[in-house]
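Peer 1: Dropping the sequence and predicted coords here.
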Amino acid sequence: MPTTQEIPATSPIGRNTPRVDGPLKVSGQAMYASDYHFPGMLYAVPVCSSIASGKIQKLDTAAAEKMPGVRAIFHRGNIGKIFRSTPGEGFEGIVDERRPPFEDDVIRYYGQYIALAVADSFENAKAAADVVRATYTKEKPNVDPDLKADDEPDVVPTTFVPTKRVQSERGDAESAFASAPARLDQTYVTPTHTHNPIELQGATAIWEGSMLTVYEESQAIFNLQGVLAQMFGLPTENVRVITKFVGSGFGSKLWPWTHCMLAVAAARQLGKPVKLVLSRKMMFQSVGHRPRTQQRVRLGATTDGKLVSLQHDYVNHHAILDNYHEDCGEATAFHYSVPNLRVKFGRARRNVGTPTAMRGPGAVPGLYATESALNELAAQLKIDPVRIRVLNEPKIDESLGIPFSSRHLLECFELGAEKFGWAKRTAEVGSMKRDGLTLGWGTAGCAWVAARFPAEASIQLRDDGTARVACGTQDIGTGTYTILAQLAAQKIGVPLDKIEVALGDTSLPAGPISGGSMVTGSIVPAVFAAADNAINSLLNVATTTAGSPFEKRKAGDLALEGGRVFVKADGPAGGVPFADVLRRANVRLVTGAGKSEATFGNPKPKFSTHSFGCHFVEVTWQPEIARLRVSRVVTVIDAGRILNPLAGRNQIEGAVVMGIGMALLEHTSYDPQNGAPINSNLADYMVAVNADVPPIDVHFLNYPDKEINELGARGIGEIGLAGIAAAITDAVHHATGVRVRELPVKIEHLLASTVLS
């Protein structure tokens with residue numbers, strides 16, 4: 001195992017660190033977007049369409065406008081001008097639903113906003129929204145779950161950039177498959193998944209003249225700032241977005257949604273602060289979801305398990321007007337060694353709200369398909385599932401022809417197999433028993449991209465011995481407050497309780513989006529550069545202040561460690577607290593700024609940068625009552641240096657829990673008659689709860705990856721969800737003999753079990 005070289009034992013880096021924002025959350029002092037209240041505040045409730053396809057013929061608002069406390073019923077005719085936004089460089093101007101609210105009278109999905117009731121209380125606004133009546137010309141919606149790719153050109157627009165539908169190709173995959181001694185050709189289906197963070201989506205908008213402030217639970221506050229500036233015709237500096245805390249997002253809060261524009265427009269029209277918070281039902285309709293996918297995987301191999309061909313053809317559904325692409329092939333081209341490969345995608349338009357990124361977009365459904373196929377091939381060839389991965393381990397990233405910066409996937413499998421006891425597995429279906437239950441064991445690999453977004457940060461050293469670190473990123477519940485404090489403490493050498501962390505505000509230095517598991521990796525170099533610049537300023541003060549013990553020294557002779565300034569040649573023992581240096585100079589604080597560039601999207605990378613890992617899963621099967629349970633999980637992750645193992649394990653555990661839901665419970669169903677999400681509540685949309693979750697044993701390899709940043713840290717928020725569903729369905733097959741290829745696993749699948757019969 002690697003060592004944690006270069007990091008002293010006293011360092012906050014690599015230490016189990018409770019969240020610095022924890023006391024605020026458990027005491028109720030943490031302010032979420034809907035917690036803010038202002039004098040004269042009004043409340044808004046959207047009116048949603050009750051059809052999924054058609055056109056509004058008449059909107060009757062007369063009764064609603066006369067109700068108590070109602071200030072306005074907004075609609076297309078009176079909402080005021082809302083412009084379209086356009087994408088810019090990087091993550092600028094990004095929205096999934098490009099059409100502004102109320103732009104036309106055409107209905108394209110169930111729940112589309114058609115009006116907005118604003119009143120002096122939420123109750124009055126809700127009552128008014130309920131009596132708005134719409135008359136429609138209806139058409140039958142298309143929410144067909146059978147996905148066939150639409151006829152699209154070879155290069156198609158997506159949310160970000162035009163994308164080739166043939167994503168990766170090498171060799172002659174078709175011919176190699178046809179001549180392969182062993183072949184597998186199967187289709188795997190993942191359903192629509194709806195984000196269900198505890199915190200509902202919402203926005204509070206305040207205009208002060210031409211200045212707009214929005215409190216929003218955003219995962220990308222600077223993108224939201226830019227989008228709002230475009231849509232309301234404002235200079236960017238006239239828009240301020242504040243997101244101090246987010247009650248989880250999972251991608252649903254990454255890009256702006258139309259409810260935010262409605263709150264801003266209503267506040268502009270009425271000259272009052274307006275708060276709009278969605279209902280849980282609305283969360284299933286108009287703020288994104290992971291789209292349904294159908295993925296055909298064809299594997300060709302030798303009889304001893306070496307891949308000779310891999311074809312991955314997939315389709316995802318998307319909205320009528322938008323161009324979302326669920327990149328299921330994200331990991332396919334590099335994950336295993338294969339000389340002949342083709343990855344291609346298509347899309348199928350449906351009358352649904354636009355999909356969006358959901359934890360591990362692309363790779364999570366994609367690896368479910370490819371890892372499931374590899375497990376099936378192993379069973380077909382009677383090869384151990386771990387062994388077949390060893391046989392197909394690549395030496396380089398074969399899609400780009402460059403080395404990996406760090407890849408220890410086989411070590412993950414080796415350690416995971418040891419911790420799980422994989423050597424005791426017997427391959428025959430239903431052959432393993434314990435306490436009257438049939439056991440099933442399964443495994444799968446996982447991967448996730450690692451890179452940096454651009455980031456800026458500032459650090460202040462103060463004359464009371466405290467420090468402040470600021471970065472305009474946001475903490476979506478993953479522990480960013482704590483990581484920023486750890487990084488500042490590492491460089492300055494003061495305890496965490498003497499570090500103030502400021503984030504979640506566009507008035508701060510521009511920070512990265514909270515997406516792609518890249519915040520931590522992105523902010524390390526920016527914070528360290530800011531700290532170095534602040535320390536340089538401090539040392540200049542120390543050498544230029546009359547009467548300072550360092551007055552006759554050069555700044556280069558000094559250093560800061562453990563919060564004390566000292567002469568390098570003498571060591572830190574005789575140093576002076578930096579607060580004393582500042583007070584002697586009558587300086588309240590010194591400041592340093594730092595920034596780091598992006599590596600994400602580099603067209604000519606020298607290294608392929610990804611994290612890797614594996615899951616081992618045990619299920620129990622009770623055929624007498626068709627009861628299936630996940631009873632044990634071991635996960636091993638290779639994600640560079642882990643800066644906070646306590647929070648790191650929490651991230652992987654949460655991802656595994658979400659993976660149990662993905663494999664066994666979660667799916668959104670649409671009514672073919674009216675296009676409505678049928679199970680649009682937390683009673684009918686099943687997620688994994690405590691009773692569904694077994695012991696989860698998480699291990700990290702802790703190999704620093706210096707291509708990402710000087711600490712060698714990579715992100716871990718999403719990789720834990722990748723691959724877990726394939727491991728679970730592999731375990732289900734081992735226990736029951738049923739190979740489930742459409743998630744979630746249902747009792748109907750298992751009632752066909754040969755073991756049960």
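Peer 2: Here it is on my side, so go on.
Peer 1: Show me which helix runs longest in this structure.
Peer 2: Using DSSP state H to define each element, the chain has its longest helix at helix 519-544.
Peer 1: Can you mark which positions in it are buried?
Peer 2: By neighbour count, and taking 16 or more other Cβ atoms under 10 Å as the criterion, the buried residues in helix 519-544 are 519-531, 533-539, 541-543. From N, CA and C alone the C-beta is placed, and that goes for glycine too.
Peer 1: Which SSE is immediately downstream of that helix?
Peer 2: Scanning the chain past helix 519-544 towards its C-terminal end, the next helix or strand to appear is strand 558-561 (assignment: DSSP states H and E).
Peer 1: Direction included, what does that next one pair up with?
Peer 2: Strand pairing for strand 558-561, using DSSP bridges, gives strand 564-567 (antiparallel).
Peer 1: And the helix or strand just after the strand it pairs with, what does it pack against?
Peer 2: Scanning forward in sequence from strand 564-567 by DSSP H and E, the next helix or strand is strand 576-577. For strand 576-577, the contact count by 3 or more Cβ pairs under 8 Å, 6 or more residues apart in numbering; DSSP states H and E identifies strand 564-567 as packing neighbours.
Peer 1: can we see that at 6 Å?
Peer 2: When contacts are defined as 3 or more Cβ pairs under 6 Å, 6 or more residues apart in numbering; DSSP states H and E, strand 576-577 sits against none of the other helices and strands.
Peer 1: and it, what's its mean pLDDT?
Peer 2: Per-residue pLDDT values over strand 576-577 give a mean of 97.
Peer 1: burial count for the nearest residue to residue 583 once chain neighbours are set aside?
Peer 2: With Cβ to Cβ, 6 or more residues apart in numbering as the measure, residue 463 is the residue that lies nearest to residue 583, at 4.9 Å, once sequence neighbours are left out. Taking other Cβ atoms under 10 Å as the neighbour definition, residue 463 ends up with a count of 18.
Peer 1: gap between residue 463 and residue 582?
Peer 2: Using Cβ to Cβ, to the nearest Å, one gets 4 Å for the distance from residue 463 to residue 582.
Peer 1: who's sitting farthest from the centroid in the chain?
Peer 2: When each C-alpha in the chain is compared with the mean C-alpha position (Cα atoms, centre = their mean), residue 547 comes out farthest, at 53.1 Å.
Peer 1: got the contact list for that one?
Peer 2: If you count contacts by Cβ atoms under 6 Å, 6 or more residues apart in numbering, residue 547 has none.
Peer 1: The stretch 1-150 of the chain: strands as residue ranges?
Peer 2: Ranges of strands in the stretch 1-150 of the chain, per DSSP state E, counting those that start in this stretch, are 42-48, 54-60, 70-74, 106-107, 113-119, 133-138.
Peer 1: which one of these lies closest to residue 679?
Peer 2: Distance to residue 679, taken as Cβ to Cβ, is lowest for strand 42-48 among these, at 16.8 Å.
Peer 1: For residue 574, which non-adjacent residue is closest in space?
Peer 2: Nearest-residue entry for residue 574: residue 566, 6.3 Å, with adjacent residues in sequence omitted and distances by Cβ to Cβ, 6+ apart.
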